[in-house]
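1. test case, fold it:
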Amino acid sequence: MRFVLAAAVALLGLPAVANATAIRIDFNITSVAYLSDPNYAAGVSGSGYFTFDDSLLPAASSQLNDPVVGLAPIDASFSWFGSVFDASQIRIWYLATDSTGKLTQWGIGAYGGCGNTQSGGGLNCISSANTFDDFYASGFLTANPLASAYLGRANTWGFAGGSGFSSLTALSVPEPLTIGLVGFGLIALGVSRRARKS
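-> Numbering: from 1, shown residues only. Down below sits the predicted model:
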């Protein structure tokens, strides 16, 4: 009991750390005839999202942030034309901010594909008949939050192209210190109740 209380007091003595923030980007896409090959119908809707830690945001810049290229998201999903991608198949390839550090542009793509994570597989790769599904999507988070995406399905010539909109949500994530304090509190409570019974 004394050990548990001492450990809890020691944790309380540590400087408090603010909660990390996970950024979630949601987007929807609808195929457009002039952007798609005949094998892909117009008017087909798809949707996706990805989350990442806000510490990845580059300093004020509109350029590609190299450390972000090929980075795995915390969570992600994208589905369109029957093709479904999850976090294990998606990589972040672009994050850009304005002069105040606010996120303004994003880009993600399928991991692997033609081996080009910077373009999520590459449009040239998507536009041929591949043996794997591939895609990339990008968007803006400005006053007009547009999104666009291209997708190629396995063994289907050409690619689907579409447009839509994207949105941003900030999600609070508890730091390990906070979780540790709660855990120690529960252990101490259990130990104290046990001591009273005996």
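2. bridging residues for the nearest residue to residue 111 once chain neighbours are set aside?
-> Counting by Cβ to Cβ, 6 or more residues apart in numbering, residue 91 is the residue found nearest to residue 111 once chain neighbours are left out, at 4.5 Å. Just so you know, the C-beta spots here come from the backbone N, C-alpha and C atoms, and that holds for glycine as well. Bridge pairing for residue 91 (DSSP bridges) gives the partners residue 109.
3. do you know how far residue 91 is from residue 110?
-> Look at residue 91 and residue 110: by Cβ to Cβ, to the nearest Å, they are 8 Å apart.
4. you'd agree residue 167 is up against residue 147?
-> No: between residue 167 and residue 147 there is no contact under Cβ atoms under 8 Å: 9.3 Å.
5. any shared contact partners between the two?
-> Common contacts of residue 167 and residue 147, defined by Cβ atoms under 8 Å, 6 or more residues apart in numbering, comprise residue 27.
6. more neighbours, those two?
-> Relative neighbour count places residue 147 above the other of residue 167 and residue 147, with 23 against 14, counting by other Cβ atoms under 10 Å.
7. okay, and the beta partners of the more buried one?
-> On DSSP bridges, the residues paired with residue 147 through beta bridges are residue 139, residue 164.
8. residue 45 now?
-> With DSSP bridges applied, the residues forming beta bridges to residue 45 are residue 30.
9. for it, give me its contacts.
-> Residue 45 is in contact with 28, 29, 30, 31, 80, counting by Cβ under 8 Å, 6+ apart.
10. farthest-apart pair in the residues you listed, please.
-> Comparing every pair within the contacts of residue 45 by Cβ to Cβ identifies 28 and 31 as the most remote, at 11.5 Å.
11. so what sits against both of these two?
-> With contacts defined as Cβ under 8 Å, 6+ apart, the residues adjacent to both residue 28 and residue 31 are 45, 46.
12. okay, these two: which has more neighbours?
-> Shown here are residue 28 and residue 31; by other Cβ under 10 Å, residue 31 has more neighbours (23 against 18).
13. the more buried one reaches residue 162, doesn't it?
-> Yes: in this structure residue 31 lies within contact range of residue 162 using Cβ under 8 Å: 4.2 Å.
14. tell me, what's touching the two both at once?
-> Both residue 31 and residue 162 are contacted by 44, 46, 80, under the criterion Cβ under 8 Å, 6+ apart.
15. ok, and the most crowded of the residues you listed?
-> residue 80 (26 neighbours).
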